[in-house]
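Engineer: Sequence plus the predicted model coming up.
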Amino acid sequence: MSRRFRAEQFTDSGWSSGTREKKARFTNALIRFIDNDCPEEAFTTALYDGLSTHGYFGFIAHYDRHGFYTAQLSTPERRARFLDSLLRACERDAHTDRPDLWSDVKHALLQHHANENTPASS
């Protein structure tokens, strides 16, 4: 089971779309979504907004949530490209102190990815 991120681990972005609580909900929802292999029925408006607008990950909106899902997540190859792009966006900004660009969320996502991909000790 994935670690749950809490609101106090984030900083308000200065915008209503980036409160500490919304950032925590988004981070936890995105991790669950990815860990469950990106099922279309779980791709919510909040995830779409966070990835295409509020989160500053560099993804274009594709006009709506369904277009975004089709273009970015609808096949295993597209999911792999999406995850690669997501991690690159996180690596680009995670080290900055820019809560307005969701650097704290990006740091949390990289931390989760590193923990999930670290071999267990024998």
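Structural biologist: Received the coordinates, thanks. Please read all numbers here as calculations on a predicted model, not as lab measurements.
Engineer: tell me, what residue is most central in this protein?
Structural biologist: Nearest to the mean C-alpha position of the chain, by CA atoms, centre = their mean, lies L30 at 5.0 Å.
Engineer: who does the strand or helix carrying it touch, helix- and strand-wise?
Structural biologist: Counting by DSSP states H and E, the element that carries L30 is helix 20-35. Packing contacts for helix 20-35, counted by 3 or more CB pairs under 8 Å, 6 or more residues apart in numbering; DSSP states H and E, involve helix 45-49, helix 103-116. C-betas here are computed from N, CA, C, even on glycine.
Engineer: Tell me the buried residues in the last one?
Structural biologist: This points to helix 103-116. For helix 103-116, the neighbour count (16 or more other CB atoms under 10 Å) marks S103, D104, V105, K106, H107, A108, L109, L110, H112, H113 as buried.
Engineer: Reformat these as a markdown table; add pLDDT and distance to C90.
Structural biologist: Below are the buried residues of helix 103-116 laid out as a markdown table (pLDDT from 0 to 100; distance: CB to CB, whole Å):
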| residue | pLDDT | distance to C90 |
| --- | --- | --- |
| S103 | 95 | 9 |
| D104 | 96 | 11 |
| V105 | 96 | 8 |
| K106 | 96 | 4 |
| H107 | 96 | 7 |
| A108 | 96 | 9 |
| L109 | 96 | 5 |
| L110 | 96 | 5 |
| H112 | 94 | 10 |
| H113 | 92 | 8 |
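Engineer: Using JSON lines, lay out those together with distance to A94.
Structural biologist: Converted to JSON lines, these look like this (distance: CB to CB, whole Å):
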{"residue": "S103", "distance to A94": "6"}
{"residue": "D104", "distance to A94": "8"}
{"residue": "V105", "distance to A94": "9"}
{"residue": "K106", "distance to A94": "4"}
{"residue": "H107", "distance to A94": "4"}
{"residue": "A108", "distance to A94": "9"}
{"residue": "L109", "distance to A94": "8"}
{"residue": "L110", "distance to A94": "5"}
{"residue": "H112", "distance to A94": "12"}
{"residue": "H113", "distance to A94": "11"}
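Engineer: right, and out of those residues, which lies closest to F43?
Structural biologist: The nearest member of the buried residues of helix 103-116 to F43, counting by CB to CB, is L109 at 16.7 Å.
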